[in-house]
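Q: Predicted coordinates and the sequence they were generated for:
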Amino acid sequence: MPPTGESIDADADRDVVVVGSGVGGLAGAITAAVEGDCSVTVLEKAPVLGGSSGLSGAQLWVPANHHMQARGIDDSVEQAVEYLCDLAGSFYENPEAARWLAEHASEAITYFEDVADLNVQVIAGIPDYHSHSSGAKDEGRYLEPRPLARDEIPAWAELPDSPHLPGGVTTTEILEWGGALTPGAWDWDVIQQRRDDGIVTMGTALIGYFLRASESHDVEVRTDAGVTGLLTEGNRVVGVEVDASGATERIRARNGVLLNTGAYDWNDAMVENFEGTPAEDVVSAAIPTATGDGLRMAALEGAKLGVYPPVGGAKGFFVAVPDREFLGAPLYRYCYHVGLPHALAINSDGERFCDESFYPKQAGEFYDPTGEYEEFPFYMVFDETYRQTYGIGNYRPGADYPDEFLAGSAETLADLAAQLDVPPESLEATVERFNGFARDGADPDFGRGENDWAHVWCGDPDHEPNPNMGPLTEPPYYAVRLYVGLSSMSNTGLVTDRAGRVENWNDEAIDGLYATGSVMAPVEWGVGYQSGLQNARSLTYGYLAGLEMAEK
């Protein structure tokens with residue numbers, strides 16, 4: 001950094017610099033280019049574009065949107081605020097922040113439908129997470145991008161194939177065809193035809209729409225360009241320092257710098273400090289370049305952090321996928337499968353400890369305020385009926401699992417317990433008790449299978465009496481190591497004002513510095529979470545920051 005007041009010698013001058021190419025960064029870039037005729041450069045650290053939002057299912061949680069209204073589904077900002085405050089918890093609720101998001105998310109969607117030809121649809125049949133909470137809706141708030149032809153996306157755009165989700169299918173179709181965890185019922189002819197025709201869906205489509213618009217509005221987009229620091233003059237952020245191909249470059253930003261760098265999933269020190277969980281037990285589905293760069297750079301300029309206890313959020317069960325990497329990092333995948341029939345999760349005592357079908361209830365169990373973590377590691381235990389019926393990790397129903405995937409397998413639960421180093425009598429008693437609940441279809445211990453969203457997303461719709469519960473009775477029995485999984489949705493982040501300007505510890509905006517996406521603190525939902533919130537908020541605050549920078 002130059003001394004205060006010293007002028008920057010820059011290699012390039014732009015109106016706006018965006019750090020990160022996720023949906024929020026591209027939204028801000030396009031808005032500034034359209035509304036202010038700004039020259040804009042987007043700098044992406046990774047060799048591919050889209051960040052973690054490009055790897056996602058691209059769900060957008062947008063209350064009171066015009067698409068649901070067109071379907072005759074009633075909603076309001078007031079109901080959305082009630083719901084978000086319920087998510088946040090009474091101590092952490094922030095009605096003003098919740099209202100601001102609820103008021104502007106639909107506005108942002110409408111704007112990008114106009115200027116970026118973004119094409120979205122309602123995901124029918126999927127309820128809000130906490131369907132019995134005040135202000136919740138049975139359907140309509142979830143939007144997703146419609147399929148997009150790859151040849152409509154700029155040829156230069158390097159887009160990843162998500163290692164977590166299937167290409168060529170929409171969430172709407174997944175639900176129509178039988179559910180997220182029963183792919184055997186999907187119409188694979190349609191999916192394969194789309195793949196053959198170069199039709200993309202989910203996160204790839206979402207980022208594709210915005211990259212198409214970026215090219216139309218002369219937004220420069222660069223990959224392999226990691227921003228290493230912010231440039232300042234006095235108390236104002238005026239640009240960035242970039243490491244591109246081993247060379248250092250300085251780019252001035254006359255109107256502002258927008259941070260869209262994601263969370264800190266792949267930074268062990270930040271994970272342990274902010275999530276309070278041993279890094280060796282925490283893995284991630286985020287892009288491996290999510291190492292907390294935005295937090296670090298902004299903190300050096302006095303940025304204020306919003307810190308929420310790691311008892312909620314978007315943490316859930318993950319499994320390792322052997323012999324697979326993504327961008328040079330080990331591959332881990334979501335394991336919603338623990339909520340399917342004929343499976344359960346245990347701790348190191350051989351006991352159940354949570355509602356396996358609903359990950360928002362798992363997050364609190366992952367955190368031990370004493371720091372002892374005596375219940376780690378966790379395991380998913382399942383039987384042969386599960387293996388023949390459902391997939392897991394990278395393996396289809398009936399597949400043979402490689403030794404490195406399994407933590408154990410045995411003809412008896414006692415022998416399996418010995419392999420896992422858990423008390424045999426405890427595991428046997430746990431399974432016996434669970435089997436009784438599963439036959440009745442109700443779980444008085446943890447309420448498994450009581451949540452409507454869990455039925456839709458983590459269950460088998462054809463299984464009765466409860467789509468999330470089935471007994472473990474058919475040997476052999478199997479166990480897979482479960483990890484605490486993150487997905488670039490953290491409990492700690494930057495605090496911004498309503499225009500997306502990063503604030504300092506005096507609650508004053510840092511001139512020239514903006515943020516959007518998961519580098520921001522989750523002030524709107526506190527210790528809770530709801531899928532689609534992160535993408536929707538990132539897009540919304542990117543839009544709001546773009547408007548502010550355009551005015552300059």
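A: Arrived safely.

Q: CA atoms for contacts and neighbours, from now on please.
A: Fine.

Q: Can you list phi and psi of the spatially closest residue to residue 303 that is not a sequence neighbour for me?
A: Nearest residue to residue 303, sequence neighbours excluded (C-alpha to C-alpha, 6 or more residues apart in numbering): residue 504, at 4.3 Å. Dihedral angles of residue 504 (phi, psi; degrees, to the nearest 10) stand at phi -100, psi -170.

Q: what's the answer for residue 204, then?
A: phi -60, psi -40.

Q: same deal with residue 307?
A: Backbone torsions for residue 307, taken as degrees, to the nearest 10, come to phi -120, psi 120.

Q: Burial check on it, number of neighbours?
A: 19 (other C-alpha atoms under 10 Å).

Q: Give me the nearest residue to it, chain neighbours excluded.
A: residue 492 (4.5 Å).

Q: Residue 401 versus the one you found, what's the distance?
A: 37 Å (C-alpha to C-alpha, to the nearest Å).

Q: So between those two, which is more surrounded?
A: residue 492 (26 against 14).

Q: Can you list the low-confidence ranges for the stretch 151-300 of the chain?
A: Along the stretch 151-300 of the chain, the model assigns pLDDT under 70 to no residue.

Q: where along it do the helices fall?
A: 171-176, 188-197, 202-216, 268-270, 293-299 (DSSP state H, counting those that start in this stretch).

Q: Those: which one's closest to residue 141?
A: Residue 141 sits nearest to helix 171-176 of all the helices of the stretch 151-300 of the chain, at 13.0 Å, using C-alpha to C-alpha.

Q: residues making contact with the closest one?
A: 57, 122-125, 144, 180, 183, 186, 202, 456 (C-alpha atoms under 8 Å, 6 or more residues apart in numbering).

Q: Quick one: residues contacting residue 271.
A: Contacts of residue 271 by C-alpha under 8 Å, 6+ apart are 264-265, 277-279.

Q: nearest to residue 516, of those residues?
A: Among the contacts of residue 271, and counting by C-alpha to C-alpha, the member closest to residue 516 is residue 264, at 14.4 Å.

Q: circling back: got the contact list for the residue nearest to residue 307?
A: Neighbouring residues of residue 492 by C-alpha under 8 Å, 6+ apart: 274, 305-308, 520-522.

Q: Narrow these to those in strands?
A: With strands defined by DSSP state E, the entries of the contacts of residue 492 inside them are 305-307.

Q: from those residues, which is closest to residue 357?
A: residue 307 (27.3 Å).

Q: for that closest one, what are its contacts?
A: 274, 491-493, 521.

Q: same check, this time on residue 449
A: 355, 357, 442-443, 455, 466-469.

Q: Residue 242 too?
A: Going by C-alpha under 8 Å, 6+ apart, the list of residues near residue 242 reads 225-229, 248-251.

Q: Then residue 435?
A: For residue 435, counting by C-alpha under 8 Å, 6+ apart, the contacting residues are 470-472.

Q: so how far is stretch 331-346 from its chain's centroid?
A: Distance, stretch centre to chain centre, for stretch 331-346: 18 Å (C-alpha atoms, centre = their mean, to the nearest Å).

Q: Please apply the same query to stretch 202-212.
A: Worked out by C-alpha atoms, centre = their mean, stretch 202-212 lies 16 Å from the chain centre.

Q: Kindly report the same for stretch 145-163.
A: With C-alpha atoms, centre = their mean, you get 19 Å for stretch 145-163.

Q: Name the nearest residue to residue 145, ignoring sequence neighbours.
A: Nearest to residue 145 is residue 120, by C-alpha to C-alpha, 6+ apart, at 4.2 Å.

Q: try residue 283
A: Looking at residue 283 with C-alpha to C-alpha, 6+ apart, the closest residue is residue 485, at 5.0 Å.

Q: Look up how far residue 277 lies from residue 94.
A: 26 Å.

Q: more neighbours, the two?
A: residue 277 (21 against 18).

Q: Highest neighbour count among the contacts of helix 171-176?
A: The most neighbours, when the contacts of helix 171-176 are compared by other C-alpha under 10 Å, belong to residue 202, which has 28 neighbours.

Q: show me the contacts for that one.
A: Residue 202 touches 54, 56-59, 144-147, 167, 169-171, counting by C-alpha under 8 Å, 6+ apart.

Q: can you check residue 75 too?
A: 63-64, 69, 137.

Q: Which of the residues you listed ranks first by neighbour count?
A: Most crowded among the contacts of residue 75, counting by other C-alpha under 10 Å, is residue 63 at 28 neighbours.

Q: count of residues packed around the residue lying closest to that residue once chain neighbours are set aside?
A: Closest residue to residue 63 apart from its sequence neighbours, by C-alpha to C-alpha, 6+ apart: residue 141 at 5.0 Å. By the measure other C-alpha under 10 Å, the count of residues near residue 141 is 29.
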